[in-house]
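> need coordinates for the below:
(one chain, ligands or ions: 1)
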Amino acid sequence: MKKRIAVLTGGGDAPGLNAVIRAIVKTAIREYGYEVVGFRNGFRGVVERDMVLLTENDVAGILPRGGTILGTSNRDSPFKFPVGKDKYEDKSKQCIETILEYAEALISIGGDGSLMLSHKLFEMGLPVIGCPKTIDNDLKIGIAQTFGFESAYSFAAEALDRLHTTAESHHRIMCMEVMGRYAGWIALYAGIAGGADVILIPEIPFTYKKIIEKIEERKKMGKKFSLIIVAEGAKPKGGKLVVQKMVSASIDPVRLGGIGNVVASELEKMTGMETRATVLGHLQRGGSPTPYDRILSTMYGTAAMDLAAKKQYGYVVSLDSNCKIKPIPLAEAASGIRTVDVTGELVKTARKIGISFGD
Ligand code: F6P
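This next block holds a predicted model:
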């Protein structure tokens, strides 16, 4: 069989997916004489044998484009594949057979859910290499960032800048809810970059009393407005996560969302100040990747193909502190999520300049 590698994008999309696909295809063809077959819509494409041979022409011009030319899915697990209303079948063996029929290994570009599935398939005998994607930045890949994260928090920081001016004009409290699931990375980075007064993250449960103390402190300084960034997974001390809906066919069925509105309406009641909530939602996932995310995606894509050519399977590509590629075992990367270190440098920095975490 001709040397051929398979690739798929799984889970929620993130800016930079196309840049990774482009890097894999170019490196495969130019460096190693490989062909690349792309399965469409994550593992669904494997089950349905929906695939395309990717040439350099197919990936021309996609570097700055958001989304993924292959399509994706965050609900079609090969181990619990939907085959009718509330009916599922285990298609994992079939998936492995199909991938190996067309390629010698799979490069799985995904977040924690897709990497966990890929790891299970690896343990069943599928040669796999992982490529770390997610706007949430919550993968256990050492100190490296996932691609898509910088694009998401840059957008959120810009949104905070925009809220700043209108908040100041109207003397309002503005609560902006961002994504990130159970990790506060987007809120933390965007909050610092966008000059938030309060940052609420899942790792630090908050109290309204402490948030209001910050708002009052600002009022005493003549600042009659405040900016609060709320991670969707933030919750009050002793309180519960706010869940928007459940998606039963998904690997993680919980869809968070709504805490921004809850915080805004509580603060309005408690302070008497006019308060508004803004939910950034999927705007954070769309659009063009930042230049850094394009570079990171290109590095990850070429590194994944390097591993594939060396047949070094069972790893996720990552970077070390010197910006050198450092493969991390899939088992480690898929063993849970990386959350914000509450005693880490960034949280300390934020506290030193007076940002409140509501604690
Ligand atoms: O994991 C990426 C992410 O955007 C999370 O931040 C968010 O909670 C979730 O996906 C939203 O999922 P969906 O696209 O299914 O609404």
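> next, the residue of the chain most remote from its centre: phi, psi?
If you look at how far each residue of the chain sits from its centre, by C-alpha atoms, centre = their mean, the farthest one is residue 220, at 38.5 Å. Here is the backbone geometry of residue 220 (degrees, to the nearest 10): phi -60, psi -30.
> got a list of what it touches?
Residue 220 sits next to no residue when contact means C-beta atoms under 8 Å, 6 or more residues apart in numbering. C-beta here means a position set from N, CA and C on the backbone, and glycine is covered the same way.
> same deal with residue 235?
Under the criterion of C-beta under 8 Å, 6+ apart, the contact list for residue 235 reads 202, 205, 206, 241, 242, 259.
> recalculate using a threshold of 7 Å.
Contacts here follow C-beta atoms under 7 Å, 6 or more residues apart in numbering; on that basis residue 235 touches 202, 205, 241.
> again with residue 110
9, 10, 11, 118, 133.
> please tell me how far the nearest residue to it once chain neighbours are set aside sits from residue 111.
Excluding the flanking residues, the one nearest residue 110 by C-beta to C-beta, 6 or more residues apart in numbering is residue 10, at 3.9 Å. When C-beta to C-beta, to the nearest Å is applied, the distance between residue 10 and residue 111 equals 8 Å.
> next: residue 184.
In this view, residue 184 and residue 111 are 16 Å apart by C-beta to C-beta.
> what's the answer for residue 39, then?
17 Å.
> just the closest residue of this protein to the ligand, please.
For the chain and the ligand, the shortest gap (C-beta to the nearest ligand atom) falls at residue 179, measuring 3.1 Å.
> please spell out which residues along stretch 208-225 are buried.
By neighbour count on 16 or more other C-beta atoms under 10 Å, the buried set for stretch 208-225 is 208, 211, 212, 214, 215, 218, 225.
> CA atoms of that stretch as CSV?
Output of stretch 208-225 as CSV, limited to C-alpha atoms (Å, rounded to 0.1, in the frame of the first residue of the first chain):
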residue,chain,number,x,y,z
TYR,A,208,-21.4,38.2,45.9
LYS,A,209,-20.2,40.0,49.0
LYS,A,210,-16.6,40.1,47.7
ILE,A,211,-17.6,41.2,44.2
ILE,A,212,-19.6,44.0,45.7
GLU,A,213,-16.7,45.1,47.9
LYS,A,214,-14.7,45.6,44.6
ILE,A,215,-17.5,47.5,43.0
GLU,A,216,-17.7,49.7,46.1
GLU,A,217,-14.0,50.3,46.2
ARG,A,218,-14.2,51.5,42.6
LYS,A,219,-17.1,53.8,43.4
LYS,A,220,-15.0,55.4,46.2
MET,A,221,-12.3,56.1,43.5
GLY,A,222,-14.9,57.8,41.4
LYS,A,223,-15.4,54.8,39.0
LYS,A,224,-19.1,54.3,38.7
PHE,A,225,-18.8,51.3,36.4
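> ok now that stretch, how far from the chain's centre?
The chain centre lies 32 Å from the centre of stretch 208-225; the measure is C-alpha atoms, centre = their mean, to the nearest Å.
> likewise for stretch 35-55?
22 Å.
> now stretch 19-32
With C-alpha atoms, centre = their mean, you get 23 Å for stretch 19-32.
> how close does the residue farthest from the centre of the chain sit to residue 214?
11 Å.
> and what of residue 149?
To residue 214, residue 149 is 27 Å away according to C-beta to C-beta.
> just the strands in the stretch 201-350 of the chain please.
226-231, 243-246, 254-256, 275-279, 315-316, 328-329 (DSSP state E, counting those that start in this stretch).
> that's all I had, so thanks and see you.
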